[in-house]
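[1] The following block contains a protein sequence and its predicted model.
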Amino acid sequence: MKSLDTLEFDARFARLGNAFSAVVTPSATEHPQMVICSAEALALLDLPPSTADDKRLLQLASGEWHWPHIEPRAMVYSGHQFGGYTPRLGDGRGLLLGEVRNNAGEHWDVHLKGAGLTPFSRSGDGRAVLRSSIREFLASEYLYTLGIPTSRALCVTDSQTQVWREQRETAATLLRLAPSHIRFGHFEYFYYNQKYTELEQLQTHVLNDLYPECLTADQPLAAMLSAVVKRTAETIALWQAYGFCHGVMNTDNMSILGLTFDFGPYAFLDDFKQAHICNHSDNHGRYAFNQQVAVGYWNLTALAETMTRHLPVERLQDILDDYADIQQQAYLQAMRARLGLIDKRASDAALIEKLLLQLNNSAADYTLFFRRLGELPVAEALTSMADEFINRAAFDDWSSEFIARTANDARTQEQRRTQMHAVNPLYMLRNYLIQIAIEAAEDGDYAPLHQLHQVLSTPFIEQSGCAEYAQRPPQWGKHLSISCSS
Ligand code: AMP
Ligand code: MG
C-alpha cells in the first residue's frame with residue numbers, strides 16, 4: 001500500500017506540452033470537508049481505505065495542495081454540442097492533477113473537477129456544486145458495479161465557498177479517475193484548427209498509450225478507430241440494456257476509451273419510457289433514451305472526420321459501418337442475460353422489441369421487471385406481473401411466446417434465479433434516492449448518502465433492512481426536474 005505522498009507518476013499526457021493543455025494552479029475552496037470517498041477507487045491507486053480520513057486527501061481534493069513536482073493542467077478541446085460545432089471548449093473547471101502509475105502498471109489520471117478558473121472557463125466560474133458532484137460520484141461508482149465502462153469517482157468535498165446557480169450554493173469538488181481524459185473533442189480541436197502536427201501527435205499518443213495493440217496493424221490509425229467504434233458501441237449497448245440515459249452526448253463528453261464520461265443530468269429509467277428525455281435543456285430530444293445508439297454513431301462520424309487527412313473516406317466509412325452490428329450484438333447479449341435466455345435465436349431481437357413496447361405502454365418499472373422475472377419460475381413470474389400491464393392480452397401473448405422460447409431451459413429454478421439475479425440489480429440508482437441523499441447532504445448530513453452508496457455497492461444482493469431502496473419511486477420522485485446547471 002502507498003500514501004498520497006509516495007505515488008508514482010508517468011506524465012504521458014502532460015509530456016505532450018502546452019499545445020494540449022495549460023498549466024493552472026488550483027484555487028482552493030474555503031473550509032473544505034470530505035463528503036464521501038470510495039474505498040474501491042482508492043484501491044485503484046494502491047491507497048488504503050484509511051486514506052479517506054487523511055488530511056492530505058482533503059487538501060488535494062479541495063485544491064489546497066497538489067503534488068509539488070507536477071504542474072496541474074487544463075486540457076484544451078472542442079466539440080459538437082447538440083449538433084453544432086463549438087470551436088473551443090476545454091477544461092473550464094477541471095484540472096489534471098497527476099497521472100499515476102499503480103503497482104499493477106495501470107495508468108490513472110487524477111482529475112479535479114471544480115478546481116477554479118482556467119483559460120477555458122468562458123463565462124463559467126470554474127466551480128462545481130454539491131448536488132452535481134454527488135450525482136457524478138454515485139453514477140460512476142454504480143455504473144462500475146453494473147459492469148458498464150465508466151470514469152471513476154474517488155471523493156467529493158464540499159466547502160463554504162459560495163457560488164451562484166439558480167440560487168446560492170456551495171462550491172464542491174469531485175476527484176475523478178480515468179485511464180485517460182481524452183475526448184472525441186480533442187481530435188476535433190486540432191483538426192478544425194488545422195493544427196495537423198499536433199493532431200498527429202495526439203494520434204500517436206492515443207495509439208501508443210491507449211491502444212498499443214493497434215500498433216502492429218497495417219493501418220494503426222484505422223485499427224484504433226475500429227477499437228473506439230467497438231468500445232463505444234458496447235458501452236452504449238449496456239446503457240440501453242440497463243436503462244441509463246446520459247443526457248448530454250456532445251462529442252466533448254465522449255471518451256476516446258468508450259467510457260461513460262462527464263455526467264450531467266443523467267437518469268436511470270424508473271418507468272420504462274423509450275423516448276425519455278432526462279436533460280431539461282434538450283428541447284428536441286436529441287439525447288432521448290431511444291436516440292442514444294444513433295447519436296453514438298453520429299459522434300463516431302465526427303471523430304472519423306478528423307482522420308480524413310490520414311485515411312481514405314471509404315475506409316473510414318467501412319469502419320463506421322461495423323457500429324450498428326457490434327452495438328446490436330452486444331445489446332442482445334446483455335438482454336438475453338437479463339431475460340435469463342441461455343442460448344441465441346435469430347428471433348430474439350423481435351421478442352425483446354415486443355416486450356419493450358409492452359413495458360413502455362404500461363410504464364412498467366424497468367429494473368424490477370427483470371428482477372421479478374427471475375424470482376419465480378417463468379410462468380409464475382409472468383402471471384404475477386400480468387395485471388400491471390394495460391394491454392393484458394398483448395402481454396399474455398408475449399408471455400406465451402416467451403415461455404415457449406424458454407422451453408429448452410433445463411436449469412432448476414434455483415439456478416435460474418441465481419444467474420438472473422447476478423445480472424439484474426434489485427437496487428437501482430434512482431433519481432429520487434439521489435435527491436434524498438443530496439438534500440440531506442446540503443443540510444450537512446452525509447449519512448443518507450453514505451448509506452445509499454453502501455447499498456448500491458452490492459446492488460444484486462438483497463440486503464436486510466434495505467427494502468425501501470428497492471421500491472418504485474413515490475409520485476413526487478417520478479418527475480424530478482434535474483437542473484442541467486452544475
Ligand atoms: P459540460 O456540459 O459539463 O460537459 O460542460 C461543457 C463545457 O463547459 C466544458 O468545457 C466545461 O469545462 C465547461 N463548464 C461547465 N461548467 C463550468 C463552470 N461552472 N465554470 C467553467 N466552465 C464550465
Ligand atoms: Mg463536458
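    Noted; the coordinates are in hand. Ligands and ions are numbered 1, 2, ... in the order given.
[2] Distance from the chain centre to stretch 139-154, please.
    The gap between where stretch 139-154 is centred and where its chain is centred comes out at 6 Å by Cα atoms, centre = their mean, to the nearest Å.
[3] From one end of it to the other, what's the distance?
    12 Å (Cα to Cα, to the nearest Å).
[4] quick check, it touching ligand 1?
    No. Stretch 139-154 is not in contact with ligand 1 by Cβ under 6 Å from any ligand atom; minimum separation 12.5 Å. (C-beta placed from N, C-alpha, C; glycine too.)
[5] Could I get the buried residue list for that stretch?
    By neighbour count on 16 or more other Cβ atoms under 10 Å, the buried set for stretch 139-154 is 139-146, 148-154.
[6] wait, which of those residues is closest to ligand 1?
    Nearest to ligand 1 among the buried residues of stretch 139-154, counting by Cβ to the nearest ligand atom, is residue 151 at 12.5 Å.
[7] Could you measure from that closest one over to residue 255?
    Relative to residue 255, residue 151 is positioned 7 Å away (Cβ to Cβ, to the nearest Å).
[8] same deal with residue 400?
    Taken as Cβ to Cβ, the span from residue 400 to residue 255 is 43 Å.
[9] And the residue of this protein that's closest to ligand 2?
    Relative to ligand 2, the nearest point of the chain is residue 262 (3.8 Å; Cβ to the ion).
[10] Spit out the residues that contact residue 151 and residue 255 alike.
    Listed as contacting both residue 151 and residue 255 by Cβ atoms under 8 Å, 6 or more residues apart in numbering are 178, 181, 261.
[11] How many neighbouring residues does the residue nearest to the last one when sequence neighbours are not counted have?
    Leaving aside its sequence neighbours, residue 261 sits nearest to residue 255 (Cβ to Cβ, 6 or more residues apart in numbering; 4.0 Å). Around residue 255 there are 23 other residues, counting by other Cβ atoms under 10 Å.
[12] what residues are up against residue 255?
    So, once contact is read as Cβ under 8 Å, 6+ apart, residue 255 ends up touching 151, 178, 180-183, 261.
[13] and it, backbone torsions?
    The phi and psi values for residue 255, taken as degrees, to the nearest 10, are phi -80, psi 140.
[14] Now do the same for it: its pLDDT.
    In this model, residue 255 is scored at 98, pLDDT.
[15] quick one: buried residues of the lengthiest strand in the chain?
    Identified as the longest strand of the chain according to DSSP state E is strand 168-178. Residues 169-178 are the ones in strand 168-178 that count as buried (16+ other Cβ under 10 Å).
[16] what about it, average pLDDT?
    pLDDT averaged over strand 168-178 gives 98.
[17] What strands line up against that strand, and which way round?
    strand 107-113 (antiparallel), strand 128-129 (antiparallel), strand 152-158 (antiparallel), strand 162-164 (antiparallel) (DSSP bridges).
[18] Would you reformat the ones you listed as a markdown table and include mean pLDDT?
    Compiled in a markdown table, these are given as follows (pLDDT from 0 to 100):
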| stretch | mean pLDDT |
| --- | --- |
| strand 107-113 | 98 |
| strand 128-129 | 98 |
| strand 152-158 | 98 |
| strand 162-164 | 98 |
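[19] Dump the ones you listed to a markdown table, plus distance to residue 187.
    Shown next, in a markdown table, are the strands paired with strand 168-178 (distance: least, Cβ to Cβ, whole Å):
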| stretch | distance to residue 187 |
| --- | --- |
| strand 107-113 | 17 |
| strand 128-129 | 26 |
| strand 152-158 | 23 |
| strand 162-164 | 32 |
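[20] Having no further points to raise, I will conclude here.
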